[in-house]
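Asker: The sequence and its predicted three-dimensional model are supplied below.
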Amino acid sequence: MNKIKIGIDIGGTFTDFFIISNNKEYKNKILTNTVNPYISLINGLNYIFDNNDINKNEIELIIHGTTLFTNKLIERKGSTPIFFTTKGFSDVLDMQKEMRYDIYDLHAKEVTHLVPKLLRYEIDERIDGDGKIIKPINIKTLEHQLQILKLNHVLNSNHSVAICLLHSYINPTHENIVKDIIKNYFPTVNISLSHEISPLIREYERMSTTICNSYIQPLANEYINNIENHLKINNYKSPLRLMLSSGGITSTNIAKKYPVRLIESGPAAGTLAAAHLGSKSGFKNLVSFDMGGTTAKMCIIENGKPNLTSNFEVARLERFKKGSGLPINIDTIDLIEIGAGGGSIAHIDELKLLKVGPDSAGAKPGPCCYNLGGNNPTVTDANLVLGYLDSNNFLDGKMALDEKKAYNSIKMLSSKLKLNINQTAYGIFRIVNENMITATRIYISEFGFDPRKLYLFAFGGAGPIHAHAIAKALKMPGFIVPTTAGVASAFGFLAAAPSFEFSKTFISILNKITLKKTKSIFKQLEIENSKKLDDFNIINKLRATYWLNLRHYGQGHDINIECSLDEKNFNPEVIRHNFYKKYEQIYGYAHKHLEIEITLCKIILKSDQPQNIIKSTNIEYTKSKSSVYKEIYDGTKIQKYKYIHGYNLEIDKKYKGPLIIQESETTCVVPNNSILIKDANNNYIIKFT
């Protein structure tokens, strides 16, 4: 029986669809309904099923990811929770790490957290660092606080509560008691417990993660329920799954409880697609580059796997300055995201210099050329004026672009800059490229990689247009663009496996005795949590991968190392060697005379990753009857680029640039002095000569 798999990515500008049925691919890309995103999801699905011979009853899986929750944190449009913490610790949200994110900026903006002081409540209790109860909960005081909240009608099912008590990661008894008492007063309220959300040391980071989860939980519940209900109304009976920031997929029940784990779900799927498709073509070390309508995301892929991190920040006040955002301690694919997309607005600043982004026109009103009411010139308008985009073939001809409106929008800027139209459009193109080049260069250097040994894997609606400029500036050997580039994130959902991660803080010096304890912790975590993936009906046995967070003794921060539990590799010498190797790669030098300290034990439970998602292409080669050329302004002169539809390219045949390759959801620019080969895996491999 045919089993249909569906991936759906809702972005800030476009909603992407990728469907596999009978080894054939079906793609769609439509503008996102920013008010009710589920409408875009249903409309896009219905379009594919109404216009193709595929049966809804054969759907096996629908996987979805979105940047909606990230945007709500950035815009601060979530539901402010009531926050309970240990007496004397409510001001940790204001003191934070007691560090300035920019010590040289005397006017740096203060990082304010999501919960104002009026909504913070202190509980008279105390547990010490070993998990021993020093002071039991003063239940009378807590109940008095809850009675006041009830009288003032502060809490209901549309609100949430965040609870973060001192050292609950060691002993969660008090947090569970507080939860039960609150439930007696407010049975329908959403409650987030820090020992469940982020069972890690460091109070501020644990508080922040728990509050962020609570802040978006009512929104997440409503959003997921809306999607599930409308899927049923439209006879899509398959269970809905959601992508985690770590690259795994999970059920709606777990997603509703831990929505903070979905914050980077859309970008995570794109990096999985890059890792999967790049590996198939023999490229295991890459920089994935995803440029859509609103943002651009970059991620290092090493040995076919995206880099992971256990802490990152959202809603930064300064995009390149650590500490200027809200810290979140969850497993996520380690990527950098900047406000550079097709919808990024070009403007002139107070110094009368041309700037691009980070503000975006989004889906509505969108770029001027969309003819949906936009008045500000954008990167997409510039690309149309320069000739990179074909106004009649945008989104496979489903959406015509208005060249005149794009031209007029650029003209407004050009008159102020005293440049001609082409120079202004190219200036926008160059500046947005420089923004991405700078971000990518910093990001790569932080991981200790040499960009000259890495290929850029470009996707997203705008990525393949800008990839050549970024790859050349970073002195990369070339770049890769899949034929599915415009909907790669939606494809990436289908390359993911059901998984979830579970952690336990364990602080001890690395030696043979402590490794025995960590082994028992791993087994305990595995036994306690394996049932949480039961609703996936996984046929194959779950696989567990084991991770330790390690640091030099006395150090404040750690790095994570994957380890094997077999006797040969699970010993201090092997783990120490792996720690030094990774530490030196990141920082250049390891202090080998110091002891190594374990801070965290973590397991990731997952099923086998899908193999051979698409075994062969269903797009047949069609020989072009005539050559078509487009005139492109390259910054100095008008140059002719050969314009070819992707299905007109033969497998393994070499094509010399300059070329414009038109795909249904994106456009790929191949510059002069480069060679393109379309391989059997439907990847365009472009090498600079």
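Answerer: Looks like it came in fine.

Asker: What are the boundaries of the helices in the stretch 151-300 of the chain?
Answerer: Remark: helices assigned in the stretch 151-300 of the chain by DSSP state H, counting those that start in this stretch are 173-185, 194-197, 203-233, 252-257, 265-280.

Asker: possible to save the ones you listed as TSV with mean pLDDT, distance to Leu372 and mean neighbour count?
Answerer: (Glycine included, C-beta is placed from N, CA and C.) Written out in TSV, the entries for the helices of the stretch 151-300 of the chain read as follows (pLDDT from 0 to 100; distance: least, Cβ to Cβ, whole Å; neighbours: other Cβ atoms under 10 Å):
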stretch	mean pLDDT	distance to Leu372	mean neighbour count
helix 173-185	96	46	17
helix 194-197	94	39	24
helix 203-233	94	24	21
helix 252-257	91	32	18
helix 265-280	91	22	28
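
Asker: if we compare those, which one ends up closest to Thr13?
Answerer: For those, the distance to Thr13 is smallest for helix 265-280, at 11.7 Å, taking Cβ to Cβ.

Asker: so how far does stretch 76-86 reach from one end to the other?
Answerer: Here the two ends of stretch 76-86 are set 26 Å apart, with distance taken as Cα to Cα, to the nearest Å.

Asker: same thing with stretch 640-659?
Answerer: Here stretch 640-659 reaches across 9 Å from its first residue to its last, counting by Cα to Cα.

Asker: What lies in contact with that stretch?
Answerer: Stretch 640-659 has contacts (Cβ atoms under 8 Å, 6 or more residues apart in numbering) with 387, 390, 483, 619-624, 627-632, 639, 660-663, 668-680, 684, 686.

Asker: To what extent is the residue lying closest to Lys630 once chain neighbours are set aside buried, counted in neighbours?
Answerer: Counting by Cβ to Cβ, 6 or more residues apart in numbering, the nearest residue to Lys630 once its immediate chain neighbours are dropped is Tyr643, at 4.7 Å. Residue neighbour count, defined by other Cβ atoms under 10 Å, stands at 19 for Tyr643.

Asker: sorry, back to before: distance to Thr32 for the helices of the stretch 151-300 of the chain - can I get that in TSV?
Answerer: Listed next are these as TSV, based on distance: least, Cβ to Cβ, whole Å:
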stretch	distance to Thr32
helix 173-185	36
helix 194-197	28
helix 203-233	13
helix 252-257	20
helix 265-280	11
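
Asker: any idea how far Ile133 is from Pro199?
Answerer: With distances taken as Cβ to Cβ, to the nearest Å, Ile133 is found 18 Å from Pro199.

Asker: out of the contacts of stretch 640-659, which are inside helices?
Answerer: Among these, DSSP state H puts none in helices.

Asker: Could you pick out the buried ones from those residues?
Answerer: 387, 390, 483, 630, 632, 639, 660-663, 668-671, 674, 676-678, 684, 686 (16 or more other Cβ atoms under 10 Å).

Asker: Point out the ones among these that are inside strands.
Answerer: Among the buried ones among the contacts of stretch 640-659, the members falling in strands (DSSP state E) are 630, 632, 639, 660-662, 668-670, 674, 676-678, 684, 686.

Asker: So Thr141 lies in a strand, does it not?
Answerer: No. Going by DSSP: H, G, I helix; E, B strand; the rest coil, the assignment for Thr141 is helix, not a strand.

Asker: Name the nearest residue to it, sequence neighbours excluded.
Answerer: If the residues on either side of it in the chain are set aside, Thr141 comes closest to Asp124, at 5.5 Å by Cβ to Cβ, 6+ apart.

Asker: That neighbour reaches Phe89, doesn't it?
Answerer: No. With contact defined as Cβ atoms under 8 Å, Asp124 and Phe89 do not form a contacting pair (11.6 Å).

Asker: Neighbour count: these two, which is higher?
Answerer: Using other Cβ under 10 Å as the criterion, Asp124 and Phe89 rank with Phe89 on top: 18 against 15.

Asker: Just list the residues touching that one, thanks.
Answerer: Phe89 makes contact with 122, 166, 203, according to Cβ under 8 Å, 6+ apart.

Asker: Is it in a helix, a strand, or coil?
Answerer: Per three-state DSSP, the secondary structure class of Phe89 is coil.

Asker: and the gap between it and Ile197?
Answerer: With distances taken as Cβ to Cβ, Phe89 is found 17 Å from Ile197.

Asker: again, but for Asn213
Answerer: 5 Å.

Asker: so what's in contact with the two at the same time?
Answerer: Residues touching both Asn213 and Ile197 (Cβ under 8 Å, 6+ apart) are 258, 260.

Asker: re the thing from before, higher neighbour count, Ile133 and Pro199?
Answerer: In this comparison of Ile133 against Pro199, neighbours counted by other Cβ under 10 Å, the higher total goes to Pro199 at 20 against 14.

Asker: how about the more buried one, what does it touch?
Answerer: By Cβ under 8 Å, 6+ apart, the contact set of Pro199 is 168-169, 503-505.

Asker: Apply 6 Å and report the result again.
Answerer: Contact partners of Pro199, counting by Cβ atoms under 6 Å, 6 or more residues apart in numbering, are 169, 503.

Asker: Next: Met243.
Answerer: Met243 touches 65, 249, 265, 268-269, 493, counting by Cβ under 6 Å, 6+ apart.

Asker: What I need now is those residues written out in CSV, including distance to Ala340 for each item.
Answerer: Written out in CSV, the entries for the contacts of Met243 read as follows (distance: Cβ to Cβ, whole Å):
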residue, distance to Ala340
Gly65, 20
Ile249, 28
Ser265, 20
Ala268, 19
Ala269, 19
Phe493, 24
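
Asker: The one helix or strand Ala544 maps to: partners in the sheet, and parallel or antiparallel?
Answerer: When secondary structure is defined using DSSP states H and E, the element that contains Ala544 is strand 543-552. Within its sheet, and counting by DSSP bridges, strand 543-552 is paired with strand 559-563 (antiparallel), strand 596-606 (antiparallel).

Asker: So for Leu93, which of those sits nearest?
Answerer: Ranking the strands paired with strand 543-552 by their distance to Leu93 (criterion: Cβ to Cβ) puts strand 596-606 first, at 23.0 Å.
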